[in-house]
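Student: Just need the structure, nothing else, for what follows:
(one chain, ligands or ions: 1)
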Amino acid sequence: QEIYSKGLKGIRPRFTFDVSQWGPMAKEILPANAWGYVHGDAGSRQTDENNLASFKRWGIVPSRLVKFDKVDLSTKVLGMDLAYPLILAPVGVLQLFNEGKELAVAQAAKNAGVPYTLSTAAASSIEEAAQASDDGLRFFQLYWPTREHDEITISMLKRAKAAGYKALLVTLDTYILGWRPDDENHAYNPFLRPDSIGVEIGFSDPVFRKHFKKETGKEIEEDLPHAAREWSQIVFPGMSNGWEDLQLLKEHWDGPIVLKGIHTVPDAKRAVEAGVQGIVVSNHGGRQVDGCVASLDVLPDIAEAVGDKIDILFDSGIRCGTDIVKALALGAKAVLVGRPYVYGLAFGGQDGVEHVLKSLLGDLDLSLQLSGIPSVDKKHLNRDCLRRIN
Ligand code: FNR
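Tutor: Residues are numbered from 1 along each chain as shown. Model prediction:
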């Protein structure tokens, strides 16, 4: 309505609503290495292709003459009331895309009424991003150091809790970065740039600062590249923690814990046994394992197995409102979106992110109305709303 009423007054939108153009618009603005980083996938790009193709294998089956005034998009996730079933995925090093970085994104999320998730690999500190997110709902994503660095983990959790982050997303699929030809071709590791932009959370952490001083005898500012390397080895430590180690996080985080990157029914069951509150069915947007099954393809089995015991979130490949409809119908309570908002950040800063979020929500709202689906509750939006096409 907001869009059309502006149109009636002759006010044309600042950015296009054509989702297929958001990537190319970002590409036009960004340096090749930053574009390669956001757009890039693992290996031969099969996983991202699988993700995008998986949505096309399901079609919405609309019902007619269903009476309702307005679609109810609200949902309850992790015990929290959300206005919409949409959350911003954690994305690191946002300064690559716009100088407004995490702060612009946190503000846009707040304005759009969508929870914001801060990445451990952020270019802003936990406290700065919290300030920008203001009274908006915010979550913290943890790249989890090995147990020898428990003190650093605990310090991050403490800071996040004190700064008002309400849930902890623990990313399990990125203990090392995937084989990413775009980054390799540019000899590009965003965490080891001379300006060290993905390390702000470490550099502003008192425990990491003490650790660095002890190891090297230097302050971080005296040897930034070395400190950046040290931090990235701590937060991307390789195969390290096991299921039993989750106890540490439970002891030091008193809000909901969500495991991000779950892809099998046995792992989903282990998450339930471990006593966490949620999982994100995700393959990291195809950036880690090449040739991986689409996340949407594993969602129904996981939802069937644990959907009544734990909150299931979903990401990897959401590009438009009907993709959200499909993921919810197949068992997710809410979805996370990654690249589309990063493209928005690149082409329009905070306004670009808001534009992308509002577009996705407008599309979702209209698609549900036109399909005769009155709410995102399971009683209305479920498998019966879809037909498998092939
Ligand atoms: C990511 N993602 C990610 N995930 C995470 O847990 N911590 C992080 O720091 C990052 N960083 C990051 C950077 C960039 C540039 C991208 C594109 C993605 C993964 C992200 O949270 C999410 O899982 C995917 O982006 C979802 O897939 P789509 O929406 O991009 O297809």
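
Student: now the end-to-end length of stretch 251-265.
Tutor: 26 Å (CA to CA, to the nearest Å).

Student: In contact with the closest residue to the ligand within the chain, which residues are there?
Tutor: Residue nearest to the ligand within the chain: residue 338 (2.1 Å; CB to the nearest ligand atom). Glycine gets a C-beta too; all of them are placed from N, C-alpha and C. Residue 338 is in contact with 89, 91, 285, 315, 316, counting by CB atoms under 8 Å, 6 or more residues apart in numbering.

Student: What lies in contact with stretch 132-143?
Tutor: Stretch 132-143 is contacted by residues 80, 82, 87, 90, 102-104, 106-107, 109-110, 115-121, 124, 126, 129-130, 153, 156-157, 160, 164-171, 174, 235-236, 249, 258, 260 when judged by CB under 8 Å, 6+ apart.

Student: Just the buried subset of these, please.
Tutor: 82, 87, 90, 102-104, 106-107, 109-110, 115-121, 124, 126, 129-130, 153, 156-157, 160, 164-171, 174, 235-236, 249, 258, 260 (16 or more other CB atoms under 10 Å).

Student: So which of the residues you listed reach the ligand?
Tutor: 90, 119, 121, 171, 260 (CB under 6 Å from any ligand atom).

Student: and the last one, that's in a strand?
Tutor: Yep, that's residue 260 we're talking about. Yes: judged by DSSP: H, G, I helix; E, B strand; the rest coil, residue 260 forms part of a strand.

Student: isn't it right up against residue 280?
Tutor: Yes: with contact defined as CB atoms under 8 Å, residue 260 counts as touching residue 280 (4.0 Å).

Student: one step back: with the flanking residues excluded, which residue is spatially nearest to the residue of the chain closest to the ligand?
Tutor: residue 89 (4.0 Å; CB to CB, 6 or more residues apart in numbering).

Student: follow-up on the earlier one: which one of the contacts of residue 338 sits closest to residue 210?
Tutor: Of all the contacts of residue 338, residue 91 has the smallest distance to residue 210: 28.7 Å, by CB to CB.

Student: rewinding a little: can you pick out the most distant pair from the ones next to the ligand among the buried ones among the contacts of stretch 132-143?
Tutor: 121 and 260 (13.5 Å).

Student: gap between residue 228 and residue 195?
Tutor: 9 Å (CB to CB, to the nearest Å).

Student: do residue 102 as well
Tutor: Counting by CB to CB, the gap from residue 102 to residue 195 is 15 Å.

Student: Let me know whether stretch 33-44 sits next to the ligand.
Tutor: Yes: using CB under 6 Å from any ligand atom, stretch 33-44 comes into contact with the ligand via 37, 38.

Student: Name the residues of that stretch that come out as buried.
Tutor: For stretch 33-44, by 16+ other CB under 10 Å, it's 33, 34, 35, 36, 37, 38, 39, 40, 41, 42, 43.

Student: out of the residues you listed, what pair is the most spread apart?
Tutor: 34 and 43 (20.3 Å).

Student: Which ones among the buried ones among the contacts of stretch 132-143 map onto strands?
Tutor: 82, 87, 116, 117, 118, 167, 168, 169, 170, 171, 258, 260 (DSSP state E).

Student: Bridged to the third one, which residues?
Tutor: Residues in a beta bridge with residue 116, per DSSP bridges, are residue 138.

Student: contacting residues around it?
Tutor: So residue 116 contacts 88, 105, 106, 109, 110, 129, 133, 136, 137, 138, 139 (CB under 8 Å, 6+ apart).

Student: The fourth one: what's its closest spatial neighbour, skipping adjacent residues?
Tutor: Think residue 109. Per CB to CB, 6+ apart, closest to residue 109 is residue 116, 3.7 Å.

Student: Can you check the pLDDT for the one you found?
Tutor: On pLDDT, residue 116 comes in at 98.

Student: Show me which positions of stretch 196-211 end up buried.
Tutor: 196-205, 207-209, 211.

Student: How far does that stretch stretch from one end to the other?
Tutor: Terminal-residue distance, stretch 196-211 (CA to CA): 18 Å.

Student: Could you do stretch 38-57 as well?
Tutor: 26 Å.

Student: could you give me the average pLDDT of it?
Tutor: 95.

Student: Make 28 the first number, not 1, from now on.
Tutor: Understood, numbering begins at 28; the last thing we discussed is stretch 65-84.

Student: The stretch 228-377 of the chain: strands as residue ranges?
Tutor: 284-289, 305-308, 338-341, 361-364 (DSSP state E, counting those that start in this stretch).

Student: Name the surrounding residues that touch the second one.
Tutor: Pointing back at strand 305-308 there. 104-105, 194, 196, 283-290, 295, 298, 322, 325-326, 329, 333, 337-343, 359, 363.

Student: Mind doing that once more with 7 Å?
Tutor: With CB atoms under 7 Å, 6 or more residues apart in numbering as the contact definition, strand 305-308 has outside contacts at 105, 196, 283, 285-290, 295, 298, 322, 325-326, 329, 337-342, 363.

Student: Tell me which residues touch residue 131, please.
Tutor: 125, 372, 376, 377, 380.

Student: Model confidence for residue 221, exactly?
Tutor: 65.

Student: Is there a neighbour count for residue 188? I'd like the number.
Tutor: Counted by other CB atoms under 10 Å, the residues lying close to residue 188 total 17.
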